[in-house]
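**Q** No sequence on hand, only this structure:
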């Protein structure tokens with residue numbers, strides 16, 4: 001995970017407002033990524049990119065240890081990949097045609113088909129998809145094919161190509177809908193065309209062509225829905241073009257929404273001129289609330305948000321509405337308005353994914369810790385348990401149910417919930433739970449046992465052969481796509497371990513770590529790959545050296561041991577050292593300032609990163625919580641949170657609550673992950689089980705909560721069949 005050393009995030013649906021910058025080069029707001037000059041949303045949820053996501057990030061090349069190409073072919077295909085990086089497809093394909101490795105040439109072709117600007121034809125993509133059904137980014141290739149369909153293609157051919165599968169893009173829906181209309185399937189075709197028009201993102205010339213061909217099928221409601229969709233997506237240019245197709249009232253509403261997103265200070269005049277009905281439009285209430293918060297008027301923001309129909313809005317736009325609710329609720333909590341904060345986060349209709357998990361946790365946590373309503377809290381924590389599947393979230397749900405039962409005086413159920421959380425001992429809350437039920441807790445992490453598949457079968461796999469070529473060419477980004485795709489197709493413990501070892505041998509430890517981390521979501525534990533160990537240089541900076549387990553835990557969270565990682569903010573290398581901080585810390589460590597070495601020399605990078613972190617430990621009395629928060633979000637933010645939430649080193653402040661109050665989701669996650677990583681690395685470095693020290697890491701010199709004294713009932717006598725308690729019906733589909 002890249003460092004978040006920056007600013008208070010104010011994510012909006014049609015605008016990004018960022019304040020309180022903490023770094024010389026402000027990074028992008030949370031949830032965004034940048035490719036070249038284009039800023040776009042990045043995948044959500046524990047920093048995991050789906051296996052079929054859009055290619056993202058700068059192209060990274062490194063020297064691998066796999067050598068399957070001849071020296072001449074290696075040089076040739078390296079040049080072809082370099083040309084592909086520049087978008088010079090004429091050169092890339094010409095060079096590939098001169099090579100003698102069929103797999104390397106196929107990889108160049110695959111990259112060519114993925115590039116939206118390559119001018120690829122529908123037939124080329126179709127042929128490739130049929131010949132390579134298991135290759136990664138298949139959905140992206142389908143979108144490219146949908147965009148490349150010639151409008152003159154026969155309706156029968158278009159319908160046959162989709163073959164019953166749903167189009168992905170708006171243009172794909174329109175192409176299939178047009179074909180259905182031409183084939184006489186009028187109702188289905190027109191509905192698909194309308195859906196594509198509402199959901200699609202088009203250039204001006206595409207819009208004109210679509211309206212000319214299909215405009216007769218668009219109702220006034222269709223055009224209003226498209227305008228609303230464009231505004232939610234933040235496509236202001238598209239929305240302004242679309243306004244000509246809607247009525248005057250809808251235009252006035254849209255102009256007010258655009259004004260609120262572009263310049264909240266000047267929008268008040270436009271809003272004041274609206275009728276009472278328009279000013280109370282549900283979406284406009286939401287946009288006004290967001291603008292009020294951006295302007296610093298928290299009371300107005302909260303009042304407007306409470307007037308908005310949050311259940312309806314979160315159902316329609318969960319990933320866009322929830323961040324605003326979350327931000328306002330956290331501010332209300334900070335202002336002492338606990339009931340209002342609870343009302344905001346609990347008044348939603350979220351059913352899945354990260355917004356659901358966050359809203360249920362926030363609702364339960366506020367009810368328990370601020371409203372002192374453990375029964376209400378249990379309802380939310382149980383919904384969280386039933387709606388998530390990953391160890392981090394399950395351990396959190398069980399741990400907090402344990403806290404709620406403890407508050408009710410029900411030690412038996414509290415103990416059972418802590419025990420359930422402790423079944424995921426590599427997680428933050430699983431570790432705390434283990435420490436609550438054992439007087440002398442010991443961390444046991446065991447590798448999942450499984451037999452590797454036959455090596456010959458593995459090596460013959462098309463994806464493995466592609467990975468070996470990509471490793472030879474040093475193409476980390478694309479190798480990772482193939483590794484993740486292989487894992488999706490072969491999720492067994494033996495196959496995953498074989499894959500992780502192979503990419504480690506190729507020189508891509510970071511890819512192996514990601515594979516092992518993803519396997520952990522399915523209960524497969526591979527600690528030697530999920531928690532790799534490297535040599536840490538002897539510390540040369542002032543003060544005490546940070547603990548080796550802590551340094552490794554930081555690196556795992558910062559970059560997953562990708563030594564060449566560069567963040568959008570400019571942080572570099574294993575420990576994501578900012579060049580400005582490197583200048584200062586190199587002086588403290590008695591080293592010359594060499595910015596290029598932040599990438600090329602891992603010892604240099606670690607030396608400066610350790611110097612910075614050691615300084616934060618010294619500043620805050622060895623508080624791992626505060627030092628990690630400062631390393632990720634900057635010391636200015638850490639000081640703000642001390643003022644707002646109290647001092648986690650104080651006996652009067654619960655350090656777990658303090659972490660959960662951090663307003664930046666990345667930093668909350670970062671602090672928890674660094675602490676849990678440190679606990680695991682202590683065992684990894686020792687080579688055997690170690691006493692669990694997480695309570696000491698959290699509470700410092702203050703007395704931690706005492707272990708819960710409870711003796712579970714003995715097992716049922718042999719021959720008896722215990723009847724389990726009825727399990728409530730699930731309230732939501734499984735998510736993170």
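**A** The structure has been received and is ready for your questions. Just so we're clear, the structure is a prediction, and the values are computed from it rather than from any experiment.

**Q** Can you spell out which helices and strands pack onto the helix or strand harbouring residue 176?
**A** Here residue 176 sits within helix 170-182, counting by DSSP states H and E. Applying 3 or more Cβ pairs under 8 Å, 6 or more residues apart in numbering; DSSP states H and E, one finds that helix 170-182 contacts helix 138-148, helix 155-162, helix 186-199, helix 204-214. Where C-beta positions appear, they are placed from N, C-alpha and C, glycine not excepted.

**Q** Now do the first one against helix 204-214, angle only.
**A** The one in question is helix 138-148. 70 degrees (axes from the mean of the first three to the mean of the last three Cα atoms, to 10 degrees).

**Q** Give the rounded mean pLDDT of helix 138-148.
**A** Mean per-residue pLDDT for helix 138-148: 96.

**Q** same check, this time on the second one
**A** Across helix 155-162, pLDDT averages out at 95.

**Q** ok, now the last one?
**A** Averaged across helix 204-214, the pLDDT comes to 97.

**Q** And that helix, what's buried?
**A** By 16 or more other Cβ atoms under 10 Å, the buried positions in helix 204-214 come out as 207, 210, 214.

**Q** Tell me the one of the residues you listed nearest residue 363?
**A** Using Cβ to Cβ, residue 207 is the member of the buried residues of helix 204-214 that sits closest to residue 363, with 42.1 Å.

**Q** Was I right to think the closest one contacts residue 239?
**A** No: with contact defined as Cβ atoms under 8 Å, residue 207 does not count as touching residue 239 (11.9 Å).

**Q** Residue 396: what's it in contact with?
**A** 361, 384, 421, 427, 428, 429 (Cβ atoms under 8 Å, 6 or more residues apart in numbering).

**Q** Test my guess that residue 461 contacts residue 487.
**A** No: in terms of Cβ under 8 Å, residue 461 does not count as a neighbour of residue 487; the distance is 12.0 Å.

**Q** Following the chain onward from the lowest-mean-pLDDT helix or strand in the chain, which element is next?
**A** One helix or strand of the chain scores below all others by mean pLDDT, DSSP states H and E: strand 38-41, with a mean of 30. Sequence-wise, the next helix or strand downstream of strand 38-41 (DSSP H and E) is helix 71-85.

**Q** Does anything pack onto that following helix? Which helices or strands?
**A** Partner elements for helix 71-85 (3+ Cβ pairs under 8 Å, 6+ apart): helix 89-98, helix 102-114.

**Q** tell me the most buried of those helices?
**A** helix 102-114 (a mean of 20; mean count of other Cβ atoms under 10 Å).

**Q** Identify all contacting residues around it.
**A** 55, 69, 73, 77, 80-81, 84, 89, 92-93, 95-97, 99, 118, 120, 124-125, 128, 132, 135, 137, 140-141, 144, 465-466, 469-470, 473, 478.

**Q** How about stretch 440-448?
**A** By Cβ under 8 Å, 6+ apart, stretch 440-448 touches 425-426, 431, 434-435, 493, 523-528, 679-680, 682-683, 689-692.

**Q** same thing with stretch 125-143?
**A** 51-55, 106, 109-110, 113-114, 144-145, 148, 161, 168-169, 172, 462-463, 466, 481-482, 484-485, 489.

**Q** buried sites along it?
**A** For stretch 125-143, by 16+ other Cβ under 10 Å, it's 125, 126, 128, 129, 132, 135, 136, 137, 140, 141, 142, 143.

**Q** Farthest-apart pair in these, please.
**A** Among the buried residues of stretch 125-143, 126 and 136 lie farthest apart (Cβ to Cβ), at 17.6 Å.

**Q** which non-adjacent residue is nearest residue 308?
**A** Counting by Cβ to Cβ, 6 or more residues apart in numbering, the nearest residue to residue 308 once its immediate chain neighbours are dropped is residue 285, at 4.1 Å.

**Q** Does anything pack onto the lengthiest helix in the chain? Which helices or strands?
**A** Using DSSP state H to define each element, the chain has its longest helix at helix 665-686. Applying 3+ Cβ pairs under 8 Å, 6+ apart, we find helix 665-686 packed against helix 428-437, strand 442-443, helix 548-559, helix 624-633, helix 655-661, helix 694-699.

**Q** Quick one: closest of these to residue 366.
**A** Using Cβ to Cβ, the helices and strands packed on helix 665-686 put helix 655-661 closest to residue 366, at 9.9 Å.

**Q** what's next to stretch 279-299, contact-wise?
**A** 10, 12-14, 17, 19, 228, 231, 253, 256-257, 260-261, 264-265, 267, 271, 274, 278, 300-302, 304-305, 307-309, 312-313, 321, 324, 327-328, 331-332, 335.

**Q** which of the residues you listed are buried?
**A** Buried among the contacts of stretch 279-299 (16+ other Cβ under 10 Å): 10, 12-14, 17, 228, 231, 253, 256-257, 260-261, 264, 267, 271, 274, 301-302, 304-305, 308, 313, 321, 324, 327-328, 331-332.

**Q** and stretch 252-262, average pLDDT?
**A** For stretch 252-262, the per-residue pLDDT averages 95.

**Q** for stretch 301-309, same thing?
**A** 95.

**Q** so how far is that stretch from its chain's centroid?
**A** 28 Å (Cα atoms, centre = their mean, to the nearest Å).

**Q** Can you pull out the residues in contact with that stretch?
**A** Stretch 301-309 has contacts (Cβ under 8 Å, 6+ apart) with 280, 282, 285-286, 288-290, 292-293, 324-325, 328, 331-332, 337, 340, 343-344.

**Q** rerun that using 7 Å as the cut-off
**A** Residues outside stretch 301-309 that contact it (Cβ atoms under 7 Å, 6 or more residues apart in numbering): 282, 285, 286, 288, 289, 292, 293, 325, 328, 332, 340, 344.

**Q** just stretch 152-167 next, same as before
**A** Applying Cβ under 7 Å, 6+ apart, the contact partners of stretch 152-167 are 126, 146, 149, 173, 175, 176, 179, 180, 182, 183.
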